[in-house]
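[1] just need the structure, nothing else, for what follows:
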Amino acid sequence: MGPFRDLLIVALAGVAAGCSEERPGFEPRHVFLVTVEHLRADRCSFLMHDRPTTWMPSDESMREEHRAFGLDEIAADGVVFANSYAPSPLRDVSLATLLAARAPLETGVLGKGDELPGELVTLGEAFRAGGFRTAAFLGGRDPLDPSFARGFEHVESFDADQEALLAAAEWLGADPGDGARTLVWVHLAGLAPPWTPREAVPDADALLGTRVFPDADAPGRPDGSLESIRAIHAALQPPTSADRVATGAVYDRALAHLVAQIWLGLYRTFDYHTARAEASETWARTVFVLAGVNGVELLENGAIGAEGMLSDGTLHVPLFFRHPDSLTGERILADVVGLEDVAPTLLEWMRLPPLPASRGRSLLPVLDSYVERSFASHPAFAQLPERAVFSVRDERYRLVLNPTRTQPAGRPLSAGPMREVSLHDHESDPAGIRDVARDHPEVVMRLTAAIRAWRESQTLFHTTARVASPGAR
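    Residues are numbered from 1 along each chain as shown. Model prediction:
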């Protein structure tokens, strides 16, 4: 296994050295990738949420000089995918897909603590083989398996997200001056419930100022505490709409606090008023990527968190790419994309060869309108770690297939019995609360067939990849 993978990485480096295709615009040299747990796309104000959850104060000069580091302002300088989906509600499963550009059954990472197989070449390894300096800064008290950081020559782990962000800033500020290109990955534990304050971050609190979410403190309503979550899971009656509103407000307040921490990290990393003057050029030369790795239920189906559910709440995540000097596409795109598309996009953008046998697609054909190329559209698939429950999401519908009707862990009793097939029309019911399978049998048939074809392709793909690898065990 090891020698074969090493040969692949050497081959990648050789191909990278021979790439000379010109790209339009001011060419980026660096990549700054931020991944965030439990980040829902529909609660981000850069995707039109009605609260300013991902906005930070800035003035006109800061925006003109690209020194406005709120996520809304950064997204406005980039391209946002409004329909980006994770392959699993579990962090490790989704991150493995992002790093290896493979579906979960292909990575072999199906639950918490699983190792990313050594036979798979990862994003970090491909960039390092291409001559990049690579560093990973991992936040959160629940550490990832060390295999996820394979290919990153500098790796640090922290209990707090803000510590990870500031360590990334310090690492970039200590540039050895060798002119090397860099890949920096910062992973944030983000917004795992409960959302009561677990650590004081005075700078972030000061930045938020008077921005409050008064309905987050409604008496008698869910408040994000452990006691509140336990009470909801124990209840047999579904939550009311007022419960959902109050829970969403608690989450929004926590999201605003997280964005303030991200702002601080980026400000200290890239604003030339606080760092060396060349930092401004570093930001201009950097592709910034924000990717949620999973979402969270906010009582839509009677639960908070609910990592055992396949729904838009747990799977619809934000994804955007920012580099205004070379992106010529539209600003918000409706194409259905997945986390497996991130690595192929960055590798092509940096003129590096693709990962071997990648399932993901490069998104440059839709990110960049300068070069006309075809783009293969397909729905987004997801699965639970038990392998028996699957879902598929197209532009309008999500279908969940549970042939064994198993009750996933974390699904509350108030959500009712599991059905073999459920269908949700997110055009008429954005929260996906109603099951409309009986009203659209033709959609059920089409999407069920898509899941079966996807499952078969994973099995054949994985078997072929292993047989083709002389060192595979």
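
[2] let me see the ranges of the helices in the stretch 101-250 of the chain.
    Taking DSSP state H, counting those that start in this stretch to define them, one finds helices in the stretch 101-250 of the chain at 104-107, 123-129, 161-173, 202-208, 226-234, 241-270.

[3] Three-state assignment for Leu346, please.
    Secondary structure assignment for Leu346 (DSSP: H, G, I helix; E, B strand; the rest coil): helix.

[4] now the strands for the stretch 301-450 of the chain?
    Secondary structure of the stretch 301-450 of the chain by DSSP state E, counting those that start in this stretch: the strands cover 304-305, 319-322, 332-338, 380-383, 390-393, 397-401, 421-425.

[5] can you list the domain ranges for the chain.
    2-378, 381-468 (automatic domain parsing).

[6] show me what contacts the closest residue to Gly70 other than its chain neighbours?
    Of all residues not flanking Gly70 in the chain, Met56 sits nearest, at 3.0 Å (CB to CB, 6 or more residues apart in numbering). The C-beta positions use only the backbone N, C-alpha and C, and glycine is treated the same way. Applying CB atoms under 8 Å, 6 or more residues apart in numbering, we find Met56 in contact with Ala68, Phe69, Gly70, Leu71, Asp72, Glu73, Leu207, Val259, Ala260, Trp263.

[7] nearest to Met445, of those residues?
    Distance ranking of those against Met445, using CB to CB, places Leu71 first at 39.7 Å.

[8] contacts only, for the nearest residue to the closest one once chain neighbours are set aside.
    Once flanking residues are discounted, Leu71 sits nearest to Thr54: 3.9 Å by CB to CB, 6+ apart. If you count contacts by CB under 8 Å, 6+ apart, Thr54 has them with Cys44, Ser45, Phe46, Gly70, Leu71, Asp72, Ala75, Leu255, Ala256, Val259.

[9] which member of those is positioned nearest Gly111?
    Leu255 (26.4 Å).

[10] could you grab the helix/strand/coil label for the residue nearest to the closest one when sequence neighbours are not counted?
    In this structure, Leu255 finds its nearest non-sequential neighbour in Thr53, 4.5 Å apart by CB to CB, 6+ apart. With three-state DSSP as the basis, the three-state label of Thr53 is coil.

[11] from Pro117, how far off is Thr53?
    Thr53 is 37 Å from Pro117, where distance means CB to CB, to the nearest Å.

[12] between those two, who's got more neighbours?
    Thr53 (25 against 19; other CB atoms under 10 Å).

[13] I figured that one hits Asp42, correct?
    No - Thr53 lies out of contact with Asp42 (CB atoms under 8 Å); the separation is 10.4 Å.

[14] now stretch 240-254: buried residues?
    Asp243, Arg244, Val245, Ala246, Thr247, Gly248, Ala249, Val250, Tyr251, Asp252, Arg253, Ala254 (16 or more other CB atoms under 10 Å).

[15] rebuild those residues as a markdown table, extending it with pLDDT and distance to Ile433.
    Converted to a markdown table, the buried residues of stretch 240-254 look like this (pLDDT from 0 to 100; distance: CB to CB, whole Å):
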| residue | pLDDT | distance to Ile433 |
| --- | --- | --- |
| Asp243 | 81 | 13 |
| Arg244 | 83 | 10 |
| Val245 | 83 | 14 |
| Ala246 | 81 | 17 |
| Thr247 | 85 | 14 |
| Gly248 | 87 | 14 |
| Ala249 | 84 | 19 |
| Val250 | 85 | 20 |
| Tyr251 | 89 | 17 |
| Asp252 | 89 | 20 |
| Arg253 | 86 | 24 |
| Ala254 | 88 | 23 |
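
[16] which one of these sits closest to Ile304?
    Of the buried residues of stretch 240-254, the one sitting nearest to Ile304 (CB to CB) turns out to be Thr247, at 6.4 Å.

[17] the closest one touches Ile304, doesn't it?
    Yes - with contact defined as CB under 8 Å, Thr247 counts as touching Ile304 (6.4 Å).

[18] contact partners for Ala101?
    Leu123, Glu340, Asp341, Val342, Ala343, Pro344, Pro354, Leu355, Ser358, Arg359, Gly360.

[19] for those residues, work out which two are farthest apart.
    It's Leu123 and Arg359 that sit farthest apart of these, by CB to CB, at 13.7 Å.

[20] neighbour-wise, which of the two wins?
    Comparing Leu123 with Arg359 by other CB under 10 Å, the one with more neighbours is Leu123, at 26 against 20.

[21] wait, doesn't the more buried one sit right on Glu340?
    No - contact criterion CB under 8 Å: Leu123 and Glu340 do not qualify, at 11.1 Å.

[22] coming back round to it: the residue nearest to Gly70: which element?
    Using DSSP states H and E, Met56 maps to neither a helix nor a strand.

[23] quick check, pLDDT for it.
    Note on Met56: pLDDT of 89.

[24] where in the stretch 51-200 of the chain is pLDDT low?
    For the stretch 51-200 of the chain, the stretches flagged by pLDDT under 70 are 196-200.

[25] now do the stretch 251-400 of the chain
    Low-confidence segments of the stretch 251-400 of the chain, defined by pLDDT under 70: 272-280, 369, 371, 386-387.

[26] residues contacting the residue nearest to Leu255?
    By CB under 8 Å, 6+ apart, Thr53 lies in contact with Arg43, Cys44, Ser45, Asp252, Leu255, Ala256, Val259.

[27] wait, the fifth one sits on Leu188?
    No - contact between Leu255 and Leu188 fails when scored by CB under 8 Å: they sit 11.6 Å apart.

[28] since we're on Glu170, how many residues are nearby?
    As a burial measure, Glu170 scores 12 neighbours (other CB under 10 Å).

[29] how much space separates it from Val34?
    In terms of CB to CB, Glu170 sits 16 Å off from Val34.

[30] Leu90: neighbour count?
    25.

[31] that one touches Pro385, doesn't it?
    Yes - look at Leu90 against Pro385 with CB under 8 Å: they come within range, at 6.2 Å.

[32] what do those two both touch?
    Residues touching both Leu90 and Pro385 (CB under 8 Å, 6+ apart): Gly111.

[33] on that earlier part again, and the strands of the stretch 301-450 of the chain: which comes nearest Pro365?
    Evaluated over these, closeness to Pro365 peaks at strand 332-338, with 9.7 Å, by CB to CB.

[34] just checking: what are the partner strands of the closest one?
    Using DSSP bridges, the strands paired with strand 332-338 are strand 78-85 (parallel).

[35] can you give the contact residues for the strand it pairs with?
    41, 46-47, 288, 291-292, 315-324, 327, 329-339, 363, 367, 380, 382, 393, 395.
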